[in-house]
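*Asks:* Predicted coordinates and the sequence they were generated for:
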Amino acid sequence: MSRIGKLPINVPGGVTVTISDDNVVAVKGPKGALSQKVNKDITFTRDGDVLTANRPSDSKPHKSMHGLYRTLVNNMVVGVTTGFQKVLLMEGVGYRAAVEGNKLTLSVGYSHPVVFEAPKDCAFETPAPTRIIVKGIDKQVVGALAADIRATRKPEPYLGKGIRYENEHIRRKEGKAGKK
């Protein structure tokens, strides 16, 4: 069995999981609601507050889908209970971020400010002008939005200027060698 797929999904109190006839798993919790269409071959069974994913055979496609859909449903359960967040740091002279409502405005050395609008169930926070926190209940949306923000000014290897993830390490290069 798949090491990931065979793990049970614990459903905490206050979270309702419904599986429709056309294999759509819907999860509702205190932070919101998410749904995911699951392949017809993968089935979910609920025993009390534990949800398990099952596959019909040990074929390669079934094995790969087993772990995938188990992880997607688990991420939905975690998202509606605790949520997800990505932290981005900005380095550079004059680089700053500001939040106005659901819009994030970046000043990152261009002639114009770069504006991002938060999708549904996502929010931005800027505890400091050079620190951005992207929060939301959908892990895929939070990760993609953080990647889009980082892509506006990727960190460069010589001075380290740019937008990077909090735990990301940038390999620095040595500058141009002078004549001797």
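*Replies:* Perfect, thanks for sending it. For clarity, every value in this text was computed on a predicted model and none was experimentally measured.
*Asks:* helices and strands around the lowest-mean-pLDDT helix or strand in the chain, which ones?
*Replies:* None of the helices or strands of the chain scores lower by mean pLDDT, DSSP states H and E than strand 43-47, at a mean of 89. If you count contacts as 3 or more C-beta pairs under 8 Å, 6 or more residues apart in numbering; DSSP states H and E, strand 43-47 packs onto strand 16-19, strand 50-54. (C-beta placed from N, C-alpha, C; glycine too.)
*Asks:* Next secondary structure element downstream of the shortest one?
*Replies:* Taking DSSP states H and E as the definition, the helix or strand that follows strand 16-19 towards the C-terminus is strand 24-29.
*Asks:* Pull out the buried residues from the helix or strand following that following strand.
*Replies:* Once strand 24-29 ends, the next helix or strand along the chain (criterion: DSSP H and E) is strand 32-37. Neighbour-count burial for strand 32-37 flags Leu34 (criterion: 16 or more other C-beta atoms under 10 Å).
*Asks:* Could you check the angle strand 32-37 makes with strand 24-29?
*Replies:* For strand 32-37 against strand 24-29, the angle by axes from the mean of the first three to the mean of the last three C-alpha atoms, to 10 degrees is 170 degrees.
*Asks:* centre of the chain versus strand 32-37, how much separation?
*Replies:* How far strand 32-37 lies from its chain's middle: 15 Å, per C-alpha atoms, centre = their mean, to the nearest Å.
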